[in-house]
Each structure stands twice: as structure tokens, then as C-alpha cells.
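Colleague: here's my sequence, what's the structure:
(chains A, B, C and D)
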There are 2 protein chains.
Amino acid sequence: MATQHPPAPHDSTADDAPAQACPVTPVLDIVFSRWTTPILWTLHHYGRQRFVELNRNVGTITAKVLTQRLRQLERDGLVVRTYHPEVPPRVEYEISELGLSLAPLFAALTNWSEEHLPEVERARTAFDAANT
Amino acid sequence: MATQHPPAPHDSTADDAPAQACPVTPVLDIVFSRWTTPILWTLHHYGRQRFVELNRNVGTITAKVLTQRLRQLERDGLVVRTYHPEVPPRVEYEISELGLSLAPLFAALTNWSEEHLPEVERARTAFDAANT
DNA sequence: GGGGTCGGTTTCCTGTAGGTACCTAATATC
DNA sequence: GATATTAGGTACCTACAGGAAACCGACCCC
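Modeller: This next block holds a predicted model:
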């Protein structure tokens, strides 16, 4: 599960600790593990949706992976799953209040993207040009 | 290289496009691909460092992966590599100005972490308790 | 001439994320 | 009775990221 970033947490004994102390690491596994941002974004953009809708609206994700990610997001309290025991079963997903609290973070992200992405682009072409 | 998030970019034709249009996706590959945050954090925390120092200061990363990530970060313009053609070669890495522009983003991240991580913790234990 | 240092590079090997395909229960429709 | 539907679950397989270890060149020390 915690395969995305450095291995062991740490007892946070201040300064001899290397980058495990990097304070953002745990958040990344929660919010920025693969597919989670597109899912959250889709839920935020289209509102509450059932499984198949979500499956269509998020890009090319397969049903298996979608359920995996949704379980994780549900476990972390970022999305709410409501199951209706009807005859063709109906399940709806929506963003939780905790999930909505990520909004400023996403805003900061898009903001940085708008301001600095072209600069990254330029750096890349310059780098590639320098290494013929 | 772009293995972390949804497949193809998109010509951004507004509304029929699904989650590829998620505006944060490209930034994630740049800033939040594996090991990049610990590296950036270490460079920011300890200042300019040479390769072996960095290798020690970032947690358990291997030299191979460290060079890969540093190349990527250099190419994206987030770190600056200075090579001194001395006898035991000396190479120093430091955060670029563009890299420093990520500071508010990291701040937002740590801020969210401090405010909401316990809530995630609670959600997890509640979820695990509900699924005996 | 043997060993050490620095900044990598190369080769080999493995774990695992993720894809494909097929299965289910319960009903409704044809 | 055949077929479709929903929300997944399961088995199998593959690709690739990343770890381990050996190697390198140019010089220094001993």
C-alpha cells in the first residue's frame, strides 16, 4: 500500500533523521497515489456518480483498479460510498467533506501549473538541446 | 517517463474530455513522481550538497535511482547541477529558483497534513473496524 | 602496485502494479 | 429460456520500476 514513497516512517527524532522526516511524504500516498487525483477531480467536477458513470468519466481506468482506488479513498475518508440494495445494485460515490478540504491544495497546484509549467517546458527543451 | 498518471494528454477540447483534462495531472509527474519530494526537501533543508552527501541525506535511495531522479529534476529545471572537473570529480546540486517556487505548494501540503491527517487516521480505523 | 575516493554506469534480478478475461446474484425484459 | 443489467471479485499474465552488486577512469596516497 505505501509503495509510492520512501520506506519506513520514523519516530521523528528531530535532526539526525534524513528525508523520512520530509513532512509531505504521508500526504502523497493518500492524495497523490496513482489515479486518485483524476478520480477526485471527476467526482468534484461531475458530482455524485455511480460506478459505471465514474468508470466512463475517469479516463481509461479499468474497473478493477477503479474499485481498488475507491476502496482506498473510502477508507481514507475522502469519498463516501452509498450502497442501495436494489435489484440491479446501485452504488453512488461522492466526495466527502474531508475530500473537499483538499480544494485549496488543488488550487495551489493548478496555480503553480499555470505560472510555471511553461518554464519547465523551456528548461526541458534547453536541456535536450544541450545534450545532443 | 510519464508512467505515473493517465495516458495521453489531450487537446483540451473543453467538456467532452474526461479526467485527462484534470489540470493537476501534468504537475504530478514533475513534482510528485517517486523520490522527487524527498530529494527536493533534502536539498531545501540541507542546502547545496554533493552527490554522496545527498545520497546519505535522502533516506534509503540507491545511487542509480538518485541519478535518474536528479537528471529528471535537472531537465525540468528544478535543480541545478554544477560539475567541477577536479581530480576526484566534484558535483554539487542545489535547488533552482524554479524549484523554490514550489515552496508555497509544499507549505499548503504540510498545512493540510497538520490539519487533516488525524482525520484520515480516524477514518481508517473506523473503516477497518466496520470491516471485521 | 594495491587500495581509496567520486560520480556515476551497466548488468542482472525481482516485486508488484495493473491489464485481460471470466465469474457471480437477482431481477426484468424479450 | 436466453439475455441484459450492476458492482464488483478472482485468476492469470506481463511490463516495468527499482534494488544489488560489479565496474569505470583519473588521480592520490603508501
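
Colleague: okay, now residue A:90: neighbour count?
Modeller: Residues lying near residue A:90 (other Cβ atoms under 10 Å in any protein chain shown) number 12. Every C-beta, even on glycine, is put in place using the N, C-alpha and C of the backbone.

Colleague: spell out which parts of chain A neighbour DNA strand C.
Modeller: A:1, A:3, A:34-35, A:60-62, A:64-65, A:68, A:87-89 (Cβ under 7 Å from any atom of the strand).

Colleague: helices and strands of chain A: which one bottoms out on pLDDT?
Modeller: helix A:25-31 (a mean of 91; mean pLDDT, DSSP states H and E).

Colleague: so which of the residues of chain A next to DNA strand C belong to helices?
Modeller: If you go by DSSP state H, the residues of chain A next to DNA strand C have A:64-65, A:68 in helices.

Colleague: now tabulate the residues of chain A next to DNA strand C in JSON lines and tack on pLDDT, neighbour count and distance to residue A:111.
Modeller: Formatted as JSON lines, the residues of chain A next to DNA strand C follow (pLDDT from 0 to 100; neighbours: other Cβ atoms under 10 Å in any protein chain shown; distance: Cβ to Cβ, whole Å):
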{"residue": "A:1", "pLDDT": "39", "neighbour count": "7", "distance to residue A:111": "30"}
{"residue": "A:3", "pLDDT": "39", "neighbour count": "9", "distance to residue A:111": "29"}
{"residue": "A:34", "pLDDT": "90", "neighbour count": "17", "distance to residue A:111": "23"}
{"residue": "A:35", "pLDDT": "92", "neighbour count": "21", "distance to residue A:111": "23"}
{"residue": "A:60", "pLDDT": "89", "neighbour count": "13", "distance to residue A:111": "27"}
{"residue": "A:61", "pLDDT": "93", "neighbour count": "23", "distance to residue A:111": "26"}
{"residue": "A:62", "pLDDT": "94", "neighbour count": "9", "distance to residue A:111": "32"}
{"residue": "A:64", "pLDDT": "96", "neighbour count": "8", "distance to residue A:111": "34"}
{"residue": "A:65", "pLDDT": "96", "neighbour count": "14", "distance to residue A:111": "29"}
{"residue": "A:68", "pLDDT": "96", "neighbour count": "14", "distance to residue A:111": "30"}
{"residue": "A:87", "pLDDT": "83", "neighbour count": "6", "distance to residue A:111": "46"}
{"residue": "A:88", "pLDDT": "89", "neighbour count": "5", "distance to residue A:111": "42"}
{"residue": "A:89", "pLDDT": "92", "neighbour count": "10", "distance to residue A:111": "40"}
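
Colleague: out of those residues, who's near DNA strand D?
Modeller: A:64, A:88-89.

Colleague: pick the one among these closest to residue B:105.
Modeller: residue A:64 (32.1 Å; Cβ to Cβ).

Colleague: how much space separates that closest one from residue B:32?
Modeller: Taking Cβ to Cβ, to the nearest Å as the measure, residue A:64 falls 24 Å from residue B:32.

Colleague: give me the element residue A:83 is part of.
Modeller: Here residue A:83 sits within strand A:79-84, counting by DSSP states H and E.

Colleague: sheet partners, orientation included, of that strand?
Modeller: strand A:90-95 (antiparallel) (DSSP bridges).

Colleague: next SSE after the partner strand?
Modeller: helix A:97-100.

Colleague: buried by neighbour count: which residues of that following helix qualify?
Modeller: Under the neighbour-count criterion of 16 or more other Cβ atoms under 10 Å in any protein chain shown, helix A:97-100 has A:98-99 buried.

Colleague: for stretch A:70-87, same thing?
Modeller: A:70, A:72-80.

Colleague: now tabulate those in a markdown table and tack on distance to residue B:96 and pLDDT.
Modeller: Formatted as a markdown table, those follow (distance: Cβ to Cβ, whole Å; pLDDT from 0 to 100):
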| residue | distance to residue B:96 | pLDDT |
| --- | --- | --- |
| A:70 | 38 | 97 |
| A:72 | 34 | 96 |
| A:73 | 34 | 97 |
| A:74 | 39 | 97 |
| A:75 | 38 | 97 |
| A:76 | 33 | 97 |
| A:77 | 37 | 97 |
| A:78 | 33 | 98 |
| A:79 | 37 | 98 |
| A:80 | 41 | 98 |
